[in-house]
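Trainee: model the structure of this input:
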Amino acid sequence: MKAFKSWRWLFRKRNAVFDGGVQGKPGFNKMKQLPFMGIVCIVMLVIVYRTTNYQYQQTEMETKFQPFGTVEGLASMTLVNLPRGIIQARSDLELRPLWSTSSSRSKVDDSSEHNLLAIPVGIKQKYNVDAIVEKFLPENFTIILFHYDGNVDGWWDLDWSSKAIHIVAQNQTKWWFAKRFLHPDVVSIYDHIFLWDEDLGVENFHPRRYLDIMKSEGLEISQPALDPNSTDIHHRITIRKRMKKVHRRVWDLRGSVKCSNISEGPPCTGFVEGMAPVFSRSAWRCTWHLIQNDLVHGWGMDMKLGYCAQGDRTKKVGVIDSEFIVHQGIQTLGGGSPSAKKVSKDMFLDETVKRQGAPAVDTRSEIRRQSTWELHVFRDRWDKAVKEDRKWVDPFKKIQRRRIQKRKSHQF
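Mentor: Numbers count the residues shown, from 1 in each chain. Below you'll find the predicted structure:
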């Protein structure tokens, strides 16, 4: 009502000014109308611009964050000619037989839990991968192998190989595979997703006990602790604490990153590394959207995984100590370690270079250079996204402010 009255008052004022004008001078009245009409045009242009801009931004956001749509959205658009009850918007990675008997058709899968183990593999790590898979199969895990070296035939002699899913793409990384083949709607039946590297020792690891601890501790994202004797350890928070079942933070005042009681974020707390992460279904849905389609090495993403923890990352992200692994630090994608190169060159890249007569390429150095570049790109994208999304509020800054206020109140 107020808006209507203000417009009505404006028209009355205009008429009063025109009525009180100089009589006998029609040009004078026309001149008096010009400013008013200019104001009206400007107001209308602003309204049209703001409305159009808002619609454009909404369309862009929906296209970016919901490319696959929802059942309701799809049914009202591209699936309008299908009856709603026949639409299946999700899938899974379970193998189906070409035919089945009447007795097997009547059987219902009464398993209360499904879990997924996905590993990028090369034939050089065949026997280590075999040891990992043998630990997981008895616990009702679906196995998917991402073959980055193109060699699938070399795996068929393993008893479980025909039950696993094999996907081949030459010289691609774990995160490249995960972004393309582990979409949340495809893996929605799985309660937990293990996205592991191939060079992990599992002698002291049991999947069932691990998951029981993860659930009892309320963890959404976790990793098994690393044996202190592991070859490749990058962050102290991942090292096993012998006297604990689970830990969620580390105290360390050495080095460039100081971890103390007041530390609120990675890598001091709310952090797992990319070599052996385990995700709940909800955490994976968020993580999949965090993975950048063109940044295949995943550097920098581990520092942001806490945003996918479905709550306070200092509580929902943790390292499980009682079920631990050994990180062997064997690099086979793109070439082996320096000591391995003395024995044999990388079978995918270096041999091609030699046949072409080109200068030798240090593939590991090139990969590291690419990874470092991707790290900077990822950080820039995050900062840009935070700056542009004016409605987004960092949830952990709120939590941090509350904790600081609580500490101050205890001091007084």
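Trainee: show the average pLDDT along the biggest strand by length in the chain.
Mentor: Longest strand in the chain, counting residues (DSSP state E): strand 317-327. Averaging pLDDT along strand 317-327 yields 97.
Trainee: remind me what that strand packs against, helices and strands.
Mentor: Other elements packing on strand 317-327 under the criterion 3 or more CB pairs under 8 Å, 6 or more residues apart in numbering; DSSP states H and E are strand 200-201, helix 207-216, strand 221-226, strand 246-247. C-beta coordinates here come from the backbone N, C-alpha and C atoms, glycine included.
Trainee: most tightly surrounded among the ones you listed?
Mentor: Mean neighbour count (mean count of other CB atoms under 10 Å) peaks for strand 221-226 among those, with a mean of 27.
Trainee: could you tell me the angle between it and helix 207-216?
Mentor: Angle, strand 221-226 to helix 207-216, by axes from the mean of the first three to the mean of the last three CA atoms, to 10 degrees: 130 degrees.
Trainee: give me the contact list for strand 221-226.
Mentor: The contact list for strand 221-226 (CB atoms under 8 Å, 6 or more residues apart in numbering) reads 205, 210, 214, 233, 238-241, 247, 272-273, 275-280, 283, 287, 305-306, 308-309, 316-321, 323-327.
Trainee: chain center to it: distance?
Mentor: Relative to its parent chain, strand 221-226 has a centroid offset of 17 Å by CA atoms, centre = their mean, to the nearest Å.
Trainee: report the angle between it and strand 317-327.
Mentor: 40 degrees.
Trainee: buried among the contacts of strand 221-226? Need that as a selection in ChimeraX.
Mentor: In ChimeraX, this line selects whichever of the contacts of strand 221-226 come out buried by 16 or more other CB atoms under 10 Å:
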select :205,210,214,238,239,240,241,247,272,273,275,276,277,278,279,280,283,287,305,306,308,309,316,317,318,319,320,321,323,324,325,326,327
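Trainee: okay, now the unreliable bits of the stretch 1-150 of the chain?
Mentor: Applying pLDDT under 70 to the stretch 1-150 of the chain flags the ranges 1-34, 55-77, 102-111.
Trainee: circling back: and the longest strand of the chain, which strands flank it?
Mentor: In the sheet, strand 317-327 lines up against strand 200-201 (antiparallel), strand 221-226 (parallel), strand 246-247 (antiparallel) (DSSP bridges).
Trainee: and of the helices and strands packed on strand 317-327, who's closest to Asn53?
Mentor: The minimum distance between Asn53 and the helices and strands packed on strand 317-327 falls on strand 221-226, with 37.1 Å, by CB to CB.
Trainee: what's the helix or strand for Ile144?
Mentor: Per DSSP states H and E: Ile144 is located in strand 141-147.
Trainee: export that strand to PDB, keeping only CA atoms.
Mentor: Listed next in PDB are the C-alpha coordinates belonging to strand 141-147 (Å, rounded to 0.1, in the frame of the first residue of the first chain):
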ATOM      1  CA  PHE A 141      32.600 -54.800  -0.700                       C
ATOM      2  CA  THR A 142      32.100 -54.000  -4.300                       C
ATOM      3  CA  ILE A 143      35.600 -53.700  -6.000                       C
ATOM      4  CA  ILE A 144      36.400 -51.400  -8.800                       C
ATOM      5  CA  LEU A 145      39.800 -51.200 -10.400                       C
ATOM      6  CA  PHE A 146      40.900 -48.200 -12.400                       C
ATOM      7  CA  HIS A 147      43.600 -49.400 -14.800                       C
END
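Trainee: how distant is that strand from the center of its chain?
Mentor: Distance, centroid of strand 141-147 to centroid of chain: 19 Å (CA atoms, centre = their mean).
Trainee: let me know the next secondary structure element after it.
Mentor: By DSSP H and E, the next helix or strand past strand 141-147 is strand 165-168.
Trainee: rewinding a little: would JSON lines of the helices and strands packed on strand 317-327 with distance to Ser371 be doable?
Mentor: As requested, the helices and strands packed on strand 317-327 are exported to JSON lines (distance: least, CB to CB, whole Å):
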{"stretch": "strand 200-201", "distance to Ser371": "20"}
{"stretch": "helix 207-216", "distance to Ser371": "29"}
{"stretch": "strand 221-226", "distance to Ser371": "20"}
{"stretch": "strand 246-247", "distance to Ser371": "28"}
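Trainee: what's the angle between the strand holding Ile144 and helix 207-216?
Mentor: Using the same axes, to 10 degrees, strand 141-147 lies at 100 degrees relative to helix 207-216.
Trainee: hang on, the earlier thing: could I get the helices and strands packed on strand 317-327 in CSV, plus columns for distance to Leu98 and mean pLDDT?
Mentor: As requested, these are exported to CSV (distance: least, CB to CB, whole Å; pLDDT from 0 to 100):
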stretch, distance to Leu98, mean pLDDT
strand 200-201, 35, 96
helix 207-216, 30, 97
strand 221-226, 38, 98
strand 246-247, 45, 97
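Trainee: of the ones you listed, which is nearest Gln125?
Mentor: Among those, strand 200-201 sits nearest to Gln125 (CB to CB), with 9.7 Å.
Trainee: next, format the strands paired with strand 317-327 as JSON lines and append distance to His376.
Mentor: Below are the strands paired with strand 317-327 laid out as JSON lines (distance: least, CB to CB, whole Å):
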{"stretch": "strand 200-201", "distance to His376": "28"}
{"stretch": "strand 221-226", "distance to His376": "24"}
{"stretch": "strand 246-247", "distance to His376": "31"}
